[in-house]
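> Starting from these lines, generate the structure:
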Amino acid sequence: MPKPYFYAVLAAAALVFFAPIRAGDLPGYDDALYSHIAKGLVESGDWLTLTSNGFPALEHPPLFDWMLAAMFRVFGFSDAAAKFPAALAAFGCILLAYWLARRLLDDRLSALVAMFALATTMYFIKYASHAMTDVPFLFFFLAAVCCYLKSQQDNRWLLCAGAFTACAQMTRGFAGLALPILFIADLAIARRRVSIAYATAALAIAFAPITLWYAYWIHRYGDYFFETHRAWMQREVYGPLTPAWRRYTGLFEYLWMILKSYWPWLPAMLAGLAVAWRNPKLRILPLWIAAVLLVCAPARSRVLRYALPAYPAFSILAAAGIRAFIGERRIEQGLRILIPAFGAAAIFVAIRPPASEHATEIREIAALTRSVAPAAERIVFYDQGQPRFDETNQLQWYGNHTLVALYDRAAFERFLKQPAPGVFIVDQGSYRDDIEPRLPNRLIGRAGRLVCGRILPAGSAIPR
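Predicted coordinates:
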């Protein structure tokens, strides 16, 4: 297959990954969360203190926040700068997938197919334009696997595998444990002997940063760290499921999600699994998938994007299946049609990138609050008694105020009985039924179903 096709896929992938970051805004989960934490790092100049709404943010390790903060230092605060690290990581994944496929399959054409399969996987493309940890974590994961395979010829590459494993853990915490599980399983099954010194050093490199970071958190925050992290683990990892038997169905749920979503490459990937079963050189691919699912399956939260680290293995298996059951000439003929079609679609995306608006109301309300309240003023927020963490995250990203978030009706009633003068944001129903008739206030503005106003000092007349 001519080299221009390789560069054509790269160019089309670049358009698909980078063009959409200039359109749309940030969803409240998890884009606006990471972005406003990183924004706080830049504004404070203290890159060791992660905060969200004035409180320590202790749920996730800091590497992705640092990546976003670095972008903001260079390019300023913007939605595009927040999305850029994921897009860049996605582009890197395409290159690494090509290299890895060529090494495992010993064939440039098959490597091009694997690269093309990953670049055209819609689920992968979707998260390449999100300010989230998923695709950067995938890049570190894939880089660690590439370095591990390089260590078959030179044990010094184990140190690089350990470094990228450390980056993965500093991005997604315990999800990075899939890497040492994969490497140890592959070493055991292949009965491969490695240098004890290099293996020990690699493990130290892999676990030292995350261990030191959590030790720092424990030293600094003490019991507050344990309480916060325990609550997060209970909510996301080992909390109860309904019904209770779902505790044991995580693996099957992920397999079902993959079977439903991994089209049109699923048949080729399944054929590739059959090929890998008979080829010891490809054994690492099903082990790779198993390690990722083993780490994902027990958790309470089961979302397909958590399994994204397995997708390069899917694409290489798909290439292996296609190469085994379809002749080289037909593959080349197909790529001569599919690659230009991919390029045309990429150009269309570049000209008219899809724009998903998630925070139209919030951006308008945030602009109002910036115009009427100093940055040091705390703003009361209430939305129908719902725990709208998505809206609070967006308000902190698009605004510059700490919020007094009232997440239930009881807290809102306490506020109504003892209101403090200052700016508030509430839903229109709560303003109409509770604030407007009961408290002296001045309406500042409306945006969609949200209202921004100011509570006046006690004794002020209620405007009519």
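> Please count neighbours and contacts with C-alpha atoms only from this point.
Will do.
> could you say what helices and strands the helix-or-strand element of the chain with minimal mean pLDDT packs with?
Ranked by mean pLDDT, DSSP states H and E, the weakest helix or strand in the chain is helix 223-236, scoring a mean of 87. Judged by 3 or more C-alpha pairs under 8 Å, 6 or more residues apart in numbering; DSSP states H and E, the packing partners of helix 223-236 are helix 196-221.
> Report the mean per-residue pLDDT for the helix it packs on.
When pLDDT is averaged over helix 196-221, the result is 96.
> Give me the buried positions along it.
198-199, 202-207, 209-210, 217 (16 or more other C-alpha atoms under 10 Å).
> what helices or strands is it leaning on?
helix 157-172, helix 223-236.
> which residues of the protein score low on pLDDT?
1-2, 459-464 (pLDDT under 70).
> Spell out which residues make up each domain of it.
Domain assignment of the chain by automatic domain parsing yields the ranges 3-351, 360-455.
> what distance separates the longest one from the middle of the whole chain?
To tie it back to what came earlier, the one meant is domain 3-351. Distance, stretch centre to chain centre, for domain 3-351: 9 Å (C-alpha atoms, centre = their mean, to the nearest Å).
> following the least confident helix or strand of the chain, which helix or strand shows up next?
On the C-terminal side of helix 223-236, the closest following helix or strand by DSSP states H and E is helix 250-261.
> So which other helices or strands are in contact with the helix or strand harbouring Phe348?
Per DSSP H and E, Phe348 falls inside helix 328-351. Packing contacts for helix 328-351, counted by 3+ C-alpha pairs under 8 Å, 6+ apart, involve helix 3-18.
> would Val194 count as being in a strand?
No - per DSSP: H, G, I helix; E, B strand; the rest coil, Val194 lies outside any strand segment and is coil.
> what helix or strand does the closest residue to it other than its chain neighbours sit in?
Nearest in space to Val194, with sequence neighbours left out and distances taken as C-alpha to C-alpha, 6 or more residues apart in numbering, is Asn155 at 6.9 Å. Using DSSP H and E, Asn155 maps to neither a helix nor a strand.
> do the same with Ile444
With DSSP H and E as the test, Ile444 turns up in strand 441-447.
> and whichever helix or strand comes after that strand, which strands flank it?
Per DSSP H and E, the first helix or strand lying C-terminal to strand 441-447 is strand 450-455. In the sheet, strand 450-455 lines up against strand 422-427 (antiparallel), strand 441-447 (antiparallel) (DSSP bridges).
> Adding distance to Ala144 as columns, could you present those strands in JSON lines?
Below are the strands paired with strand 450-455 laid out as JSON lines (distance: least, C-alpha to C-alpha, whole Å):
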{"stretch": "strand 422-427", "distance to Ala144": "46"}
{"stretch": "strand 441-447", "distance to Ala144": "47"}
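> Considering the buried residues of helix 196-221, which is situated nearest to Ala70?
When those are compared for distance to Ala70 (C-alpha to C-alpha), Pro209 wins out at 19.2 Å.
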